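Visitor: model this:
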Amino acid sequence: MKILIIQQRYGIGDMVIFLPYIHAISEKFNTPISLLSKESSRASDIFSEDKHVNEIITLDKEKDGLSGVLKLSREIKKRNFDKIFIFNSSLRYNLIAKLSGAKSIYQYPLFRSKDNIVHSAKIFTESVINKIVSTEPNLKIKSTKEKFDKNFKHVCLGISASGPTKRWDVENYIKLCNELTKNKKCKFYLAAGKNDIILIEKFKNSNVGQNCTSLENLTIKEILPIIKNCDCYIGSDTGFAHLAVGLGIKTLTIFMDSPVMAYGKYSSRMTVVEPEGENGTTTHDTLGKDKISFNEVVLKATKILN
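Guide: Purely as a prediction, here's the structure:
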């Protein structure tokens, strides 16, 4: 049996959140699946060691528009899929699946309003496989011989973010590192990209700089074993936070303007900090960057580090 799953969301975090449902469908039908996804989701890195997925089909701009629908449907048709699972309510992907000639198509109800992505994926998957599915992701990576010095606590810091309203000020992270190192010897790994050089340099030039290692020149695949060896992740709601959850690492995620009920409540491994006055109510409209309690971050960070 040949199965295709379509998960078209952009983010790395989104792909991690969908791991349990991709795994569940693969296990239900006892076969690895093909996955149609956007390159920005880094699916090729996330599933490189995962036996549940044997092929990544990348969505690109050439497959946009009507000509893209026809091109993609022809590409899928060549593979002769028996079943296609569509994790969205888009008429576009419904049409692509039908034109591909797949024998069975499963999809969210068409034209449905936006919903919590975890709730939607869980309900959809359970209705298809007739089995309860855990929301805890399990990200498979190749075992590594590299082990960190046990005399230190190792902390992955998510100092970057997709936009300024999601990014806690770097000065706050430096203050946090000073607090954490009062009672423990710590090493910090800066999860940031090449566009975050200014933030990285501020860290390196601070009084905690000698205990920091920047990861901006590494690929996601190279970063995964480093996160796996850390004691915890502390930082913004970014792809790194969700990768840490998927790798089984205790995670403290600071939500400033993203939906905490969708992205912060799916795993017991994730502890969240919201802007003052919010309690499970943070959304894209909150803009609460300046309302994050530094003391709350310190207390929760200290707790997960112990």
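Visitor: can you give me the helices for the stretch 201-306 of the chain?
Guide: Along the stretch 201-306 of the chain, counting by DSSP state H, counting those that start in this stretch, helices occupy 220-229, 239-246, 260-263, 294-305.
Visitor: Ok, which of those helices comes nearest Asp115?
Guide: For Asp115, the closest of the helices of the stretch 201-306 of the chain is helix 260-263, at 8.9 Å, according to C-beta to C-beta. (C-beta placed from N, C-alpha, C; glycine too.)
Visitor: helices and strands around the closest one, which ones?
Guide: Using 3 or more C-beta pairs under 8 Å, 6 or more residues apart in numbering; DSSP states H and E as the contact criterion, no helix or strand is in contact with helix 260-263.
Visitor: any idea of the mean pLDDT for it?
Guide: Here helix 260-263 scores 90 as its mean pLDDT.
Visitor: So which bits of it are buried?
Guide: For helix 260-263, the neighbour count (16 or more other C-beta atoms under 10 Å) marks Val260, Ala262, Tyr263 as buried.
Visitor: For Ala301, state which of those residues is nearest.
Guide: Checking those against Ala301 with C-beta to C-beta, the nearest one is Val260 at 17.5 Å.
Visitor: As a markdown table, the helices of the stretch 201-306 of the chain with distance to Arg42 would be great.
Guide: Below are the helices of the stretch 201-306 of the chain laid out as a markdown table (distance: least, C-beta to C-beta, whole Å):
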| stretch | distance to Arg42 |
| --- | --- |
| helix 220-229 | 5 |
| helix 239-246 | 7 |
| helix 260-263 | 17 |
| helix 294-305 | 25 |
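Visitor: C-alpha coordinates for stretch 196-216, PDB please?
Guide: The C-alpha trace of stretch 196-216 is given here as PDB (Å, rounded to 0.1, in the frame of the first residue of the first chain):
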ATOM      1  CA  ASP A 196      21.000  37.200  14.200                       C
ATOM      2  CA  ILE A 197      24.700  38.200  14.200                       C
ATOM      3  CA  ILE A 198      24.000  41.400  16.300                       C
ATOM      4  CA  LEU A 199      22.200  39.400  19.000                       C
ATOM      5  CA  ILE A 200      25.000  36.800  19.000                       C
ATOM      6  CA  GLU A 201      27.700  39.400  19.300                       C
ATOM      7  CA  LYS A 202      26.000  41.000  22.200                       C
ATOM      8  CA  PHE A 203      26.000  37.700  24.000                       C
ATOM      9  CA  LYS A 204      29.600  36.900  23.100                       C
ATOM     10  CA  ASN A 205      30.700  40.300  24.400                       C
ATOM     11  CA  SER A 206      28.800  40.000  27.700                       C
ATOM     12  CA  ASN A 207      30.100  38.700  31.000                       C
ATOM     13  CA  VAL A 208      28.600  35.200  30.100                       C
ATOM     14  CA  GLY A 209      30.100  35.200  26.600                       C
ATOM     15  CA  GLN A 210      32.900  32.700  27.500                       C
ATOM     16  CA  ASN A 211      30.300  30.100  28.400                       C
ATOM     17  CA  CYS A 212      28.300  30.500  25.100                       C
ATOM     18  CA  THR A 213      28.500  28.600  21.900                       C
ATOM     19  CA  SER A 214      26.700  29.900  18.800                       C
ATOM     20  CA  LEU A 215      24.900  27.500  16.400                       C
ATOM     21  CA  GLU A 216      24.200  29.900  13.600                       C
END
